[in-house]
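K.L.:
sequence and computational prediction follow.
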There are 2 protein chains.
Amino acid sequence: MNNQIPLDQVLHGDCLEILPHIPSGSVDLIFADPPYNLQLRRELWRTELSKVVGVDHEWDRFSSLSEYDEFTRKWLAECQRCLKDSGTIWVIGSYHNIFRIGSILQDLGYWILNDVIWIKHNPLPNLRGTRFCNAHETIIWAKKCDNDKKYTFHYQALKAGNEDRQMRSDWYFPICSGSERETRDGRTAHPTQKPEGVLRRIISASSNPGDVVMDPFCGTGTTAAVAKALNRRYITMDKEEAYVGLAEKRLAAVSPELMNEPLSILESRRPKVPFINIIESGLLLPGATLRLKSKQKVLAIIHGDATISALGHRGSIHKVGALCLGTPTCNGWINWYYTDEASGDEMLIDCLRSVRF
Amino acid sequence: MNNQIPLDQVLHGDCLEILPHIPSGSVDLIFADPPYNLQLRRELWRTELSKVVGVDHEWDRFSSLSEYDEFTRKWLAECQRCLKDSGTIWVIGSYHNIFRIGSILQDLGYWILNDVIWIKHNPLPNLRGTRFCNAHETIIWAKKCDNDKKYTFHYQALKAGNEDRQMRSDWYFPICSGSERETRDGRTAHPTQKPEGVLRRIISASSNPGDVVMDPFCGTGTTAAVAKALNRRYITMDKEEAYVGLAEKRLAAVSPELMNEPLSILESRRPKVPFINIIESGLLLPGATLRLKSKQKVLAIIHGDATISALGHRGSIHKVGALCLGTPTCNGWINWYYTDEASGDEMLIDCLRSVRF
DNA sequence: TCTGCAAGTGAATCCGTAT
DNA sequence: AATACGGATTCACTTGCAG
């Protein structure tokens, strides 16, 4: 393996052994669905045992939790090393393990961006009627560290796909079932297979086509399958050979989709028009005046160099706006009004930018 | 104070100093809304140049995560001592602190029963478009320890009040506003006042009339007020004298309710399915086409991010619809048609929303 | 009295590039 | 690396006032 990046394969082995071979800073995005049955099984087992033989609760709980913490710290630290400075990680869990994971993420210096709640329309009910129906899972989204690097987030595309309202932290997906559910010998292949919809939203929101997406706990290969469909590269692994075979078979049937370039890539921003263009093109003449909506008395005069002056201040539309309003910053475009000669209406100078130059 | 239980008063003082005076095993239910340890780095301004009033109070400042952990461990340990063996605790938080809280609860030997998600109808949006809108908070419900004692949980009452379906872990409440919001000198009295609906559900679900309900972080006194209204006793405290006075005044105006069982469950409003869910769930595939009834020649293509493009425009089903029709607005759901593969019929995409998610 | 519009606000780890 | 500065960015709901 050496320093080669094992792309687009399903590796067989424990992530604690494989991750150290992945080069540092080579991964754009990580999704992880770590096991928690380690802890859960032990605690259920302990509960049963304690009824019979009275095992020392304190000691056993501590050993079980700390063992889980140590495992978690190891794989999360390796993931952090593998991530690019601009990379982000998603980790999913339930109340059994998500608090350990969130704390360790913070301890390792990851910087949490959001916790997202996957709300299940069709959860397993609480069969004994002793608690609330556990109808959700928590997914933590974090960046590698508290640096200034920009992380990938297709805000505008998500907003457009969400009917022009920004995407929120509550996500609604059915649990994985029907034909999407992988089976082996006619039985559910993996107990915690995640819906492709969840992975689709995660991968398309926080990575770009061509990016490297890693999943240290492959399972049935949902992450890799969606990554392939969305034209991303993948690195994934599982310590159980049966899952490796299953995932490979699943991946072979996946074809990369067309039409999944994010809106923010296709829609190259409208080129910014500097204020001086407005003056140079004669849309506003030197000597004309501007007003602030909230302070009608403040009158600014436009100079030939596209600076303005008001209340004894002179400078850009932004700077003079901030000084007049007493705010630290000000977007002059959406605060200064000019008077339209034809209609006499007061109009935002931002309107002048939509005129084609 | 001695061994007297200071019932139905608002105590003035730090919970770390007061809690040690509360007798062991004297409390049936605890609700705690501890400081979140928010870390705001810059001022945040809205586009219309009003400043967002964040939580930047002395009581929410900790110098480090470990200091926060230590504080948390101390008050949670005291709470555990105060609880009856059958008692339970609820703690609310956000991603800034809830993982620390959950881990420490587990470390101390509390036994987590559920994590409940309070989903807000009307959260503060993400004003910079840099993350998902943080639209929820997490509430952990735990029992004192992993013992065999039965805890209070009115499963049947909750179910009856929830249209005969068992109550789930996703709860929908608007943020506290309007006349419910406590004010002082005409301004918001406390930045983190919780809605009474949340407390009403918590207290009535997990305690009985006459029980002792404790809140170590009184604030405006919501817990005590709801406890009094529901005929419970309360113990509460705050280290800021101003809040003590405020809560006392609020409590004086509360009358215990008659007939407060069964539960009154607020309407649960869940957001409608956005178009992106249709794509993510595979009901429509990227690359498929949509048509307008009135303009059959206009063909729109669906992209992987649930935007569509037609006539050179790209955006949401609504926006592109409006541009194609030349109307100011357009409800894309009832204007775009897809072709059903099985029948060949043209169907409104609105039909796809009725599929159960 | 009713309607419509404007203004205000809520637990927020909330910019990016050029110099 | 630190600073300067241009200019991009929000949703649901309530209250109050004008008409």
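P.N.:
It's in.
K.L.:
A:K144: what's it in contact with?
P.N.:
A:80, A:83-89, A:110-111 (CB atoms under 8 Å, 6 or more residues apart in numbering or on different chains). Glycine gets a C-beta too; all of them are placed from N, C-alpha and C.
K.L.:
what's the closest of the residues you listed to B:L285?
P.N.:
A:T88 (27.0 Å; CB to CB).
K.L.:
which strands or helices does the helix or strand containing that closest one pack on?
P.N.:
Here A:T88, judged by DSSP states H and E, is contained in strand A:83-93. For strand A:83-93, the elements it packs on are strand A:27-32, helix A:57-82, helix A:98-107, strand A:136-143, helix A:196-206, judged by 3 or more CB pairs under 8 Å, 6 or more residues apart in numbering or on different chains; DSSP states H and E.
K.L.:
same thing but at 6 Å, please
P.N.:
In this structure, strand A:83-93 makes packing contacts with strand A:27-32, strand A:136-143, judged by 3 or more CB pairs under 6 Å, 6 or more residues apart in numbering or on different chains; DSSP states H and E.
K.L.:
what's the PyMOL line that selects buried ones from the contacts of A:K144?
P.N.:
A single PyMOL command is used to select the members of the contacts of A:K144 judged buried by 16 or more other CB atoms under 10 Å in any protein chain shown:
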select buried, chain A and resi 80+83+84+87+88+89+110
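K.L.:
contact partners of stretch A:250-259?
P.N.:
A:221, A:224-225, A:228-229, A:231, B:286-287, B:303-304 (CB atoms under 6 Å, 6 or more residues apart in numbering or on different chains).
K.L.:
kindly report the same for stretch A:121-137.
P.N.:
The contact list for stretch A:121-137 (CB under 6 Å, 6+ apart) reads A:92, A:94, A:117-120, A:174-175, B:113-114, B:117, B:155, B:166-170, B:357.
K.L.:
just the C-alphas of stretch A:19-26, formatted as CSV.
P.N.:
The C-alpha trace of stretch A:19-26 is given here as CSV (Å, rounded to 0.1, in the frame of the first residue of the first chain):
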residue,chain,number,x,y,z
LEU,A,19,-6.1,4.0,8.5
PRO,A,20,-2.4,4.5,9.4
HIS,A,21,-1.5,3.7,5.9
ILE,A,22,-3.7,6.4,4.4
PRO,A,23,-1.6,9.4,3.5
SER,A,24,-2.1,12.5,5.6
GLY,A,25,-4.2,15.2,4.2
SER,A,26,-5.6,13.1,1.4
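K.L.:
in what helix or strand does whichever residue of the stretch 1-150 of chain A sits closest to DNA strand D lie?
P.N.:
Distances between the stretch 1-150 of chain A and DNA strand D by CB to the nearest atom of the strand are smallest at A:D148, namely 8.4 Å. Assigned by DSSP H and E, A:D148 belongs to no helix or strand.
K.L.:
neighbours of it, just the number please.
P.N.:
5 (other CB atoms under 10 Å in any protein chain shown).
K.L.:
quick check: it vs chain B, distance?
P.N.:
11 Å (CB to the nearest CB, to the nearest Å).
K.L.:
how much space separates the closest residue to A:S309 other than its chain neighbours from DNA strand D?
P.N.:
Spatially, and ignoring its direct neighbours in sequence, A:S309 is nearest to A:I301 (5.5 Å; CB to CB, 6 or more residues apart in numbering or on different chains). Separation of A:I301 from DNA strand D (CB to the nearest atom of the strand, to the nearest Å): 18 Å.
K.L.:
same deal with A:W333?
P.N.:
5 Å.
K.L.:
pull the number of nearby residues for A:N231.
P.N.:
By the criterion of other CB under 10 Å, A:N231 has 16 neighbours.
K.L.:
can you pull out the low-pLDDT segments for the stretch 151-300 of chain A?
P.N.:
Residue ranges of the stretch 151-300 of chain A with pLDDT under 70: A:267-271, A:294-296.
K.L.:
helices of that one, residue ranges please.
P.N.:
Counting by DSSP state H, counting those that start in this stretch, one finds helices in the stretch 151-300 of chain A at the ranges A:155-161, A:196-206, A:222-229, A:241-252, A:263-266, A:275-280.
K.L.:
dump those into TSV; add mean neighbour count as well.
P.N.:
Formatted as TSV, the helices of the stretch 151-300 of chain A follow (neighbours: other CB atoms under 10 Å in any protein chain shown):
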stretch	mean neighbour count
helix A:155-161	24
helix A:196-206	24
helix A:222-229	26
helix A:241-252	17
helix A:263-266	16
helix A:275-280	17
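K.L.:
who in the stretch 1-150 of chain A is up against chain B?
P.N.:
Where the stretch 1-150 of chain A comes near chain B, counting by CB under 6 Å from any CB of the partner chain, the residues are A:95, A:99-100, A:102-103, A:112-115, A:117, A:119, A:121, A:125, A:129, A:131-136.
K.L.:
now A:P174: closest residue in space that isn't a chain neighbour?
P.N.:
Closest to A:P174 by CB to CB, 6+ apart is A:H121, at 4.9 Å.
K.L.:
what parts of the stretch 251-357 of chain A come near DNA strand C?
P.N.:
Residues of the stretch 251-357 of chain A lying close to DNA strand C (CB under 7 Å from any atom of the strand) are A:T329.
K.L.:
which pLDDT does the model give the closest residue to DNA strand D within the stretch 251-357 of chain A?
P.N.:
For the stretch 251-357 of chain A, the residue closest to DNA strand D is A:T329, as judged by CB to the nearest atom of the strand, at 2.8 Å. On pLDDT, A:T329 comes in at 90.
K.L.:
ok, A:R356 next?
P.N.:
56.
K.L.:
got it, and A:R42?
P.N.:
pLDDT at A:R42 comes out at 50.
K.L.:
before we move on, back to that, burial check on the residue of the stretch 251-357 of chain A closest to DNA strand D, number of neighbours?
P.N.:
A:T329 has 13 neighbours, counted by other CB under 10 Å.
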